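Asks: this one's sequence-less:
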């Protein structure tokens, strides 16, 4: 009986005991989205998304190449690498860039026409022609520069090139290209800029005839082609050149940074931080600055990545009537 009464008493106390206050739910821990920076190896894929197929092909060749770079501009011009040696044969590309493709771009076609119609006849070109041809003067001889070069475009360039015309190399050309890309592609460069940037058409001697006493030469034709260095060399002591802000989706050009490049003022500060287009939690919407030094650092770290020389195919342009050069 006593046990029953004690049980009833405990039950009553339990009924009369107020419910403990509810503990507040812990505040949710905010998720931190970690957005990885752009891996420069994603850039060729981003180029293809933006129809920059030649640009992607050349950059992939760079990534796949053996470690090869020129420490200075002088070394780059002489095609001497970091070992003090000539570029290996694999560091020349003569198959990716075709003249027909380049000439589809109006700004390139204009400069090509200016070269073959005007520039090769300029006083400076005539002086250079006389200097080159005087090395090969023979009475009544015919000169075949392609044969003398061993049918090698690199040798032809070194020994017989006498005039060139630049594309996007002058200040007005760069400004016009920047304005056009902003109007047409919202600042995204086209495939020609992505592949070659500023580049030159070159003219080299093709065929010439010397008169009987080798004092006058008739130039009967020239070869025209493109030669360009695909390189990430900076001038020592200057800020590394910015190549745009990249993500896996493409590239954006920050106007201030573009203006520095256009004006060729590498010592001025540029936008050296990421910029976002759209939702910042989406990695492809964050664009990171990529510089020449980004590629050079990658190459040294991975012992891979080769600067190389690009040649287009060449085109014979006959000259009629032949140009007269006095020696």
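Replies: Good, I have the coordinates. This structure is a prediction, so every number in the text was calculated from the model and none was measured. Numbers count the residues shown, from 1 in each chain.

Asks: could you pull out the helices for the stretch 101-250 of the chain?
Replies: 106-117, 123-133, 145-148, 153-160, 171-185, 191-196 (DSSP state H, counting those that start in this stretch).

Asks: Least confident of these, on average?
Replies: Lowest mean pLDDT within the helices of the stretch 101-250 of the chain: helix 171-185, at a mean of 47.

Asks: on that earlier part again, minimum distance to residue 247: which of the helices of the stretch 101-250 of the chain has it?
Replies: The closest of the helices of the stretch 101-250 of the chain to residue 247 is helix 191-196. By Cβ to Cβ, the value is 15.1 Å. No exception for glycine: its C-beta is placed from N, CA and C like everyone else's.

Asks: before we move on, back to that, between the helices of the stretch 101-250 of the chain, which gets nearest to residue 323?
Replies: Here helix 123-133 is closest among the helices of the stretch 101-250 of the chain (Cβ to Cβ), at 7.8 Å.

Asks: and the angle from that closest one to helix 153-160?
Replies: If you take axes from the mean of the first three to the mean of the last three Cα atoms, to 10 degrees, helix 123-133 sits at 100 degrees to helix 153-160.

Asks: Can you point out the buried residues in helix 123-133?
Replies: Within helix 123-133, the residues that count as buried by 16 or more other Cβ atoms under 10 Å are 125-126, 128-129, 132-133.

Asks: Looking at those, point me to the pair that's furthest apart.
Replies: Within these, 125 and 133 form the most distant pair, 12.0 Å apart (Cβ to Cβ).

Asks: Can you add distance to residue 107 and give the buried residues of helix 123-133 back as JSON lines?
Replies: As requested, these are arranged in JSON lines below (distance: Cβ to Cβ, whole Å):
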{"residue": "125", "distance to residue 107": "22"}
{"residue": "126", "distance to residue 107": "27"}
{"residue": "128", "distance to residue 107": "25"}
{"residue": "129", "distance to residue 107": "27"}
{"residue": "132", "distance to residue 107": "29"}
{"residue": "133", "distance to residue 107": "32"}
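
Asks: if we can go back for a sec, okay if I get the helices of the stretch 101-250 of the chain as JSON lines plus distance to residue 246?
Replies: Formatted as JSON lines, the helices of the stretch 101-250 of the chain follow (distance: least, Cβ to Cβ, whole Å):
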{"stretch": "helix 106-117", "distance to residue 246": "24"}
{"stretch": "helix 123-133", "distance to residue 246": "40"}
{"stretch": "helix 145-148", "distance to residue 246": "41"}
{"stretch": "helix 153-160", "distance to residue 246": "32"}
{"stretch": "helix 171-185", "distance to residue 246": "15"}
{"stretch": "helix 191-196", "distance to residue 246": "11"}
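
Asks: Can you say which of those helices is packed in most?
Replies: helix 191-196 (a mean of 22; mean count of other Cβ atoms under 10 Å).

Asks: now that one, how far from the chain's geometric center?
Replies: 6 Å (Cα atoms, centre = their mean, to the nearest Å).

Asks: go on, stretch 230-243?
Replies: Taking mean C-alpha positions (Cα atoms, centre = their mean), stretch 230-243 and its chain are 12 Å apart.

Asks: that older thread, among the helices of the stretch 101-250 of the chain, which comes closest to residue 319?
Replies: Among those, helix 106-117 sits nearest to residue 319 (Cβ to Cβ), with 8.8 Å.

Asks: what's in contact with that closest one?
Replies: 102-103, 163-168, 173, 176-177, 192, 201, 203, 222, 224, 317 (Cβ atoms under 8 Å, 6 or more residues apart in numbering).

Asks: Any of the residues you listed buried? List them.
Replies: For the contacts of helix 106-117, buried by 16+ other Cβ under 10 Å: 102-103, 163-165, 167-168, 173, 177, 192, 201, 203, 222, 224, 317.

Asks: Could you identify the pair within those residues that is furthest apart?
Replies: 177 and 222 (26.9 Å).

Asks: roughly how far apart are the residue nearest to residue 140 when sequence neighbours are not counted and residue 144?
Replies: Nearest non-adjacent residue to residue 140, counting by Cβ to Cβ, 6 or more residues apart in numbering: residue 212, 5.2 Å away. Distance from residue 212 to residue 144, counting by Cβ to Cβ, to the nearest Å: 19 Å.

Asks: Those two - which one has more neighbours?
Replies: In this view residue 212 and residue 144 are compared by other Cβ atoms under 10 Å, and residue 144 has more residues nearby, 12 against 8.

Asks: Neighbouring strands - and their directions - for the lengthiest strand in the chain?
Replies: The strand that spans the most residues within the chain, counting by DSSP state E, is strand 216-230. Neighbouring strands of strand 216-230 in its sheet, by DSSP bridges, are strand 199-210 (antiparallel), strand 308-311 (antiparallel), strand 315-326 (antiparallel).

Asks: Let me know which of these is tucked in deepest.
Replies: strand 199-210 (a mean of 22).

Asks: tell me the mean pLDDT over it?
Replies: On average, strand 199-210 scores 97.

Asks: just stretch 300-320 next, same as before
Replies: The model assigns stretch 300-320 a mean pLDDT of 96.
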